[in-house]
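# The following block contains a protein sequence and its predicted model.
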Amino acid sequence: VFYLRADPDCVMRPDGLGRLALHHAAAAGDSSTVSLLIRRMTPFVADAVNVADDGGMTPLHWALSQEQPGTALELLRLKANVDLVDRQGRRPLHAAAFSGDEDCVSLLFEYIVPLADGLSARSYGGQTPLHYAAASGNEAAVTLLIEANAQIDTKDSDGRSALSWAAGEGNDEAVGVLLE
């Protein structure tokens with residue numbers, strides 16, 4: 001607290017990769033620190049909960065990619081935007097799908113269902129969240145996405161399907177789910 005009083009804009013100083021303390025706290029799953037930092041950042045940036053690092057990743061991307069569903073839920077409660085893309089065109093669901101954490105994936109369904117292309121959102125390489133889940137080999141994430149009606153046969157910019165990604169990465173369990 002003393003440091004914040006002496007140097008209030010310290011919350012806005014990025015590291016060498018353009019990441020703020022908020023990004024690191026979200027990745028670490030420290031929900032209380034995330035909330036504190038967002039409150040302290042608001043005088044400097046109105047939409048602090050959605051501030052992106054140099055790679056375009058928001059705190060929500062970071063929480064989901066590091067399998068932190070509790071922190072992701074807190075960020076969503078604070079109005080994190082599930083539709084923002086990073087520099088590779090990936091939305092938070094792409095990050096959750098690649099992490100393979102079932103709670104992170106299913107948590108987003110409540111927020112993306114109203115979006116027309118939520119499950120079929122494509123990164124700049126044309127990959128959907130299902131491509132990312134298949135590539136990471138997480139059977140549970142693949143199953144959740146398929147049960148939510150993700151399109152199995154969608155091909156990315158290189159003509160690869162989720163099955164191709166799962167097989168190419170040697171992810172037998174994901175291959176099995178995709179072939180069921």
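Done, it's in.
# can I assume Glu102 is in contact with Ala141?
Yes - taking CB atoms under 8 Å as the contact criterion, Glu102 and Ala141 are neighbours in contact, 6.4 Å apart. From N, CA and C alone the C-beta is placed, and that goes for glycine too.
# Which one's more surrounded, those two?
Each of Glu102 and Ala141 has its neighbours counted (other CB atoms under 10 Å); Ala141 has more, 27 against 17.
# residues contacting Thr154?
Shown here is Thr154, whose contacts under the criterion CB atoms under 8 Å, 6 or more residues apart in numbering are 120, 128, 130-131, 161-162.
# Find the residue ranges of this structure scoring beneath the pLDDT cut-off.
1-5, 113-116 (pLDDT under 70).
# Kindly recompute the last result at 90.
Judged by pLDDT under 90, the chain has its weakly predicted residues at 1-12, 14, 43, 100, 109-120, 138, 148-149, 180.
# Can you show me the helices along it?
Assigned by DSSP state H, the chain shows helices spanning 2-6, 21-28, 31-41, 59-65, 69-77, 92-99, 102-112, 129-136, 139-147, 162-168, 172-179.
# Present the ones you listed as JSON lines; the columns should include distance to Val85.
Formatted as JSON lines, the helices of the chain follow (distance: least, CB to CB, whole Å):
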{"stretch": "helix 2-6", "distance to Val85": "31"}
{"stretch": "helix 21-28", "distance to Val85": "16"}
{"stretch": "helix 31-41", "distance to Val85": "21"}
{"stretch": "helix 59-65", "distance to Val85": "9"}
{"stretch": "helix 69-77", "distance to Val85": "16"}
{"stretch": "helix 92-99", "distance to Val85": "9"}
{"stretch": "helix 102-112", "distance to Val85": "13"}
{"stretch": "helix 129-136", "distance to Val85": "12"}
{"stretch": "helix 139-147", "distance to Val85": "18"}
{"stretch": "helix 162-168", "distance to Val85": "20"}
{"stretch": "helix 172-179", "distance to Val85": "24"}
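# and of those helices, who's closest to Arg13?
Using CB to CB as the criterion, the shortest distance between Arg13 and these is 8.1 Å, found for helix 21-28.
# Tell me how far Ala63 lies from Glu147.
In this view, Ala63 and Glu147 are 23 Å apart by CB to CB, to the nearest Å.
# more neighbours, these two?
Ala63 (34 against 10).
# The more buried one is in contact with His24, isn't it?
No - under the criterion of CB under 8 Å, Ala63 lies out of contact with His24, with a separation of 11.0 Å.
# and the nearest residue to Glu139 once chain neighbours are set aside, how many residues sit next to it?
Distance criterion CB to CB, 6 or more residues apart in numbering; nearest residue to Glu139, sequence neighbours excluded, is Glu173 at 4.0 Å. Per other CB under 10 Å, the neighbour tally for Glu173 reads 14.
# What of Ile112?
For Ile112, the tally of surrounding residues (other CB under 10 Å) stands at 19.
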